[in-house]
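**Student:** Any chance you could fold what I've pasted below:
(chains A, B, C and D)
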There are 2 protein chains.
Amino acid sequence: MGRVSDEKQRLMDAVLDLIWSGSYGSTTIDDICEKAGAKKGSFYYFFDSKAELAAEAVEANWLNHRAEFDGIFSATVPPLERLKQFCDFTYRFQREIKSKYGRVLGCPQASLGSEICTQENVLQKKIQEIMDQKRKYIESTIRDAHAAGVIHAPDPAAKARMIFAYYEGLLTQARIQNDVEALRESASGIFAMLGVKDKKAVAA
Amino acid sequence: MGRVSDEKQRLMDAVLDLIWSGSYGSTTIDDICEKAGAKKGSFYYFFDSKAELAAEAVEANWLNHRAEFDGIFSATVPPLERLKQFCDFTYRFQREIKSKYGRVLGCPQASLGSEICTQENVLQKKIQEIMDQKRKYIESTIRDAHAAGVIHAPDPAAKARMIFAYYEGLLTQARIQNDVEALRESASGIFAMLGVKDKKAVAA
DNA sequence: ATAGTAGTTGACTGTTTAGTCTAGTTTTCT
DNA sequence: AGAAAACTAGACTAAACAGTCAACTACTAT
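**Tutor:** As a prediction, this is how the structure comes out:
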């Protein structure tokens, strides 16, 4: 009972947008409220602090994106093609962001995580969890590829860490340089790390 | 003429330390002054803003570190061994940082760059310059390795971008997870990207 | 229809912050 | 020694900021 509203959701949308297009530190509670069209009182009705809002927002956002990942990494798709699709998706997504915001914004978890990891413990834990999950998509793909005999990867977890670091590193470079083209090379880099020879076969 | 002091240098040291162990946004001018043992008046005597101080500090710090890089990437060392040494150095360095600060802090340029790139234009330009220079060390090493016939890399610039993204990505992961061990795999990842087979030969 | 619950408002407080300004001090050069 | 340059001190202002509160409004379940 009682009235209902979408103000909580609007606050969560606003904080993500501001952090991603700027930074955590440059985002004030007043900014968030203004962007969400909410008043301070509402903010503190729903959340105790900026960190708590950010943690909830990051979590909710990830749950939304996970559906997309599940599609890309579907077990019905040949493993190496999953990786290719993942790279293509990332490129298209960042391109879209750039045309919308005028900037390449990279990976929200990585920029936020790197910024706050020494200061906001709860938020940092949440981000680490999400990144672990992201990495798992890659890990299971590699395991499948190894099982299918298309690559040699006796330690899928290690290979996944490697590829994930490369993938995130590319996104960070893309953000800093505001250049989406750096992302076009991602698939070929990943395949080089996996020791894939016949790259044309994957694209087909 | 007039008196001399090291307060400018102390301010530059302080700002780097605070940004690296925390973040740009969480570092206030008061914090910087306190850490440097300086007063506000001195700060504004030397610098116009936090961004300007940070830009000068980042630049000066890089000039210091460059000597170390020049040694590691000396043309007298076989190319693949340079890369190995580079990885080893990074691991040792981050280990030392962790024992000093209790945290892995990763790459100062990457975290700062990712945080401020949409907001502080001058600082962002400076960081991009430094990262370009870092990448050049790798690029020329790859060119040498290709010329020596130890790897096949007809496009050294592209390969360098790839390796640099991976290297920076690993450092970011290490910072977020506060885990230096992730960095132990860096050399093997780089060699995988370069298609090096006989990795034992490099280590020797 | 109404009572109770969920959500909203905006003015208010106190603190932190950036940035200024003037009067000082220390050094170097001649 | 004395002038001028280079630097330091710290009190001050104004703005930005986080966080509080009591009164108010809208909804919903019974």
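**Student:** What residues does A:Val77 make contact with?
**Tutor:** Counting by C-beta atoms under 8 Å, 6 or more residues apart in numbering or on different chains, A:Val77 touches A:Gln85. The way it works is simple: take the backbone N, C-alpha and C, and place the C-beta from them, glycine included.
**Student:** mind running it again at 10 Å?
**Tutor:** Contact analysis of A:Val77 by C-beta atoms under 10 Å, 6 or more residues apart in numbering or on different chains lists A:71, A:83-85, A:141, A:144.
**Student:** contact partners of stretch A:32-40?
**Tutor:** Contacts for stretch A:32-40 (C-beta under 10 Å, 6+ apart): A:5-19, A:27-30, A:41-47, A:50, A:53-54, A:57.
**Student:** Right, and chain B sits closest to which residue of chain A?
**Tutor:** When distances are taken as C-beta to the nearest C-beta, chain A reaches nearest to chain B at A:Gly25, 1.6 Å away.
**Student:** I'd like to know how many residues surround that residue.
**Tutor:** Residues lying near A:Gly25 (other C-beta atoms under 10 Å in any protein chain shown) number 20.
**Student:** From what I see, it and A:Ser111 are in contact.
**Tutor:** No - A:Gly25 lies out of contact with A:Ser111 (C-beta atoms under 10 Å); the separation is 11.4 Å.
**Student:** joint contacts of these two?
**Tutor:** Residues touching both A:Gly25 and A:Ser111 (C-beta under 10 Å, 6+ apart): A:19, B:115.
**Student:** nearest spatial neighbour of A:Gln109, skipping sequence neighbours?
**Tutor:** Spatially, and ignoring its direct neighbours in sequence, A:Gln109 is nearest to A:Ile127 (5.1 Å; C-beta to C-beta, 6 or more residues apart in numbering or on different chains).
**Student:** what are the ranges of the helices in chain A?
**Tutor:** Secondary structure of chain A (DSSP state H): helices located at A:7-21, A:29-36, A:40-46, A:50-72, A:79-101, A:108-116, A:121-147, A:156-177, A:186-194, A:199-203.
**Student:** In JSON lines, list those along with mean neighbour count.
**Tutor:** Listed next are the helices of chain A as JSON lines, based on neighbours: other C-beta atoms under 10 Å in any protein chain shown:
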{"stretch": "helix A:7-21", "mean neighbour count": "20"}
{"stretch": "helix A:29-36", "mean neighbour count": "17"}
{"stretch": "helix A:40-46", "mean neighbour count": "14"}
{"stretch": "helix A:50-72", "mean neighbour count": "16"}
{"stretch": "helix A:79-101", "mean neighbour count": "18"}
{"stretch": "helix A:108-116", "mean neighbour count": "25"}
{"stretch": "helix A:121-147", "mean neighbour count": "18"}
{"stretch": "helix A:156-177", "mean neighbour count": "24"}
{"stretch": "helix A:186-194", "mean neighbour count": "22"}
{"stretch": "helix A:199-203", "mean neighbour count": "12"}
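**Student:** Those residues of chain A touching DNA strand C, which are they?
**Tutor:** A:1-5, A:7-8, A:38-42, A:45 (C-beta under 7 Å from any atom of the strand).
**Student:** Swap in 6 Å and give it another go.
**Tutor:** With the criterion set to C-beta under 6 Å from any atom of the strand, chain A comes near DNA strand C through A:1-5, A:7, A:38-42, A:45.
**Student:** Spit out the contact partners of the residue nearest the centre of chain A.
**Tutor:** Against the mean C-alpha coordinate of chain A, by C-alpha atoms, centre = their mean, the closest residue is A:Cys107 at 4.7 Å. Counting by C-beta under 10 Å, 6+ apart, A:Cys107 makes contact with A:20, A:90, A:94, A:113-114, A:131, A:134, A:167-172, A:174-175, B:114, B:169, B:172.
**Student:** Mind doing that once more with 6 Å?
**Tutor:** Residues in contact with A:Cys107 (C-beta atoms under 6 Å, 6 or more residues apart in numbering or on different chains) are A:168, A:171.
**Student:** likewise the one 3 residues further on?
**Tutor:** A:Ala110 makes contact with A:168, A:172, B:172, according to C-beta under 6 Å, 6+ apart.
**Student:** And A:Leu18, by the same measure?
**Tutor:** A:Leu18 neighbours (C-beta under 6 Å, 6+ apart): A:27, A:31.
**Student:** Please apply the same query to A:Gly102.
**Tutor:** A:Gly102 neighbours (C-beta under 6 Å, 6+ apart): none.
**Student:** let's see 10 Å
**Tutor:** Listed by C-beta under 10 Å, 6+ apart, the contact set of A:Gly102 reads A:21, A:178, B:118.
**Student:** Check A:Ser99 too.
**Tutor:** Shown in contact with A:Ser99 (C-beta under 10 Å, 6+ apart): A:Val180.
**Student:** Ramachandran coordinates for the residue in chain A that DNA strand C sits nearest to?
**Tutor:** Nearest to DNA strand C, among the residues of chain A, is A:Gly2, at 1.6 Å (C-beta to the nearest atom of the strand). With angles defined as degrees, to the nearest 10, A:Gly2 sits at phi 90, psi 170.
**Student:** and it, how many residues sit next to it?
**Tutor:** When neighbours are defined as other C-beta under 10 Å, A:Gly2 has 4 of them.
**Student:** Against A:Leu11, how distant is it?
**Tutor:** 18 Å (C-beta to C-beta, to the nearest Å).
**Student:** same deal with A:Arg103?
**Tutor:** From A:Arg103 over to A:Leu11 (counting by C-beta to C-beta), the distance is 23 Å.
**Student:** is it true that A:Arg175 touches A:Tyr101?
**Tutor:** No - if you go by C-beta under 10 Å, A:Arg175 and A:Tyr101 don't touch, sitting 11.2 Å apart.
**Student:** tell me, what's touching the two both at once?
**Tutor:** Counting by C-beta under 10 Å, 6+ apart, the shared contacts of A:Arg175 and A:Tyr101 are A:20, B:118.
**Student:** residues touching A:Leu194, list them.
**Tutor:** Contacts of A:Leu194 (C-beta under 10 Å, 6+ apart): A:79-80, A:83, A:142, A:145-146, A:150-153, A:159, A:162-163, B:192.
**Student:** one more time with 6 Å
**Tutor:** A:Leu194 is in contact with A:Ile151, counting by C-beta under 6 Å, 6+ apart.
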